[in-house]
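Novice: my questions concern the predicted model and sequence given below.
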Amino acid sequence: MNLDTVLRRFPLRATLNDESRVVIRPLAPDDKAELRNFFLRVPEEDRYYLNNNITAPEVIREFTDGINMERVVPLVAEHDGRIIADSTLHRSRRTGRRHIGELRVVVDPDFRGKGLGSRLTHELIELGRSLELRRLVFELVNLREQSAIHTATQAGFEETAVLKDRVVDRFGSLQDLVIMELSLDGPEIGHMEG
């Protein structure tokens, strides 16, 4: 299915476990200030594990001005006009891996434990299915990202590898990287309400 067709179902409205109402939609170029504000609310210890210095204005500009939906499909969740979560489906540019997508989800601390991470994970899985990907991958830091590992497991992801001592944490200690995968070839699993 073509990407424009896939994205027509957005924006979506969702109700979280605490009855908060959110809107899930693709990231837009005019989200610069609000996206940066969101990442500034994310604890520094969580931001440490992200791939970029996401609070730097030039990185935010690159993300919002350089949106390339063929490579990365970014979805945000809003509550009362404020971005409260950022999630992405990264599609490999390598010809031999074009069937694989990588998921990343970051949720505002005030909205954790309310089902938002689960809902965004579900939306990214559905995007992967619609884009005819065959496998989705989460890379998570063991011990540090236990709630994300739980969410991925609930969505049907399985642990396929643990890379020992792959990540150095903020304090210089080595941490294991957990690779979790979901096959999209079979019947739909891990459907979540919300």
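Specialist: Yep, that arrived.
Novice: okay, strands next: where are they in this protein?
Specialist: Secondary structure of the chain (DSSP state E): strands located at 12-15, 21-26, 72-79, 82-91, 100-107, 135-141, 158-168, 174-183.
Novice: in its sheet, which strands sit next to the third one, and in what direction?
Specialist: Here strand 72-79 has these sheet partners by DSSP bridges: strand 21-26 (antiparallel), strand 82-91 (antiparallel).
Novice: swap in the first one?
Specialist: Each strand that strand 12-15 pairs with, and the sense of that pairing, follows from DSSP bridges: strand 21-26 (antiparallel).
Novice: low-confidence ranges, this structure, go.
Specialist: Low-confidence segments of the chain (pLDDT under 70): 186-194.
Novice: if we use 80, what do you get?
Specialist: Scanning the chain for pLDDT under 80 picks out 1, 51-56, 186-194.
Novice: which helix of it spans the most residues?
Specialist: If you go by DSSP state H, the chain has its longest helix at helix 116-130.
Novice: buried residues in it?
Specialist: Buried residues in helix 116-130, counted by 16 or more other C-beta atoms under 10 Å: 116-128. (C-beta placed from N, C-alpha, C; glycine too.)
Novice: so what's Met180 up against?
Specialist: For Met180, the contact set (C-beta atoms under 8 Å, 6 or more residues apart in numbering) comprises Val137, Phe138, Glu139, Leu140, Ile149, Ala152, Thr153, Phe157, Glu158, Glu159, Thr160.
Novice: whoops, I mixed them up, Gly66
Specialist: Here Gly66 is in contact with no residues (criterion: C-beta under 8 Å, 6+ apart).
Novice: next, give phi and psi for it.
Specialist: phi -110, psi 30 (degrees, to the nearest 10).
Novice: distance-wise, check Met69 relative to Asp30.
Specialist: For Met69, the distance to Asp30 equals 16 Å [C-beta to C-beta, to the nearest Å].
Novice: between strand 72-79 and the longest helix of the chain, find me the angle.
Specialist: Computed with axes from the mean of the first three to the mean of the last three C-alpha atoms, to 10 degrees, the direction of helix 116-130 lies at 150 degrees from that of strand 72-79.
Novice: neighbours of the spatially closest residue to Arg135 that is not a sequence neighbour, how many?
Specialist: For Arg135, ignoring the flanking residues on the chain, the nearest one in space by C-beta to C-beta, 6 or more residues apart in numbering is Ile100 at 5.0 Å. Using other C-beta atoms under 10 Å, Ile100 has 18 other residues around it.
Novice: Ile100 against Leu133, yeah?
Specialist: Yes: with contact defined as C-beta atoms under 8 Å, Ile100 reaches Leu133; the gap is 6.6 Å.
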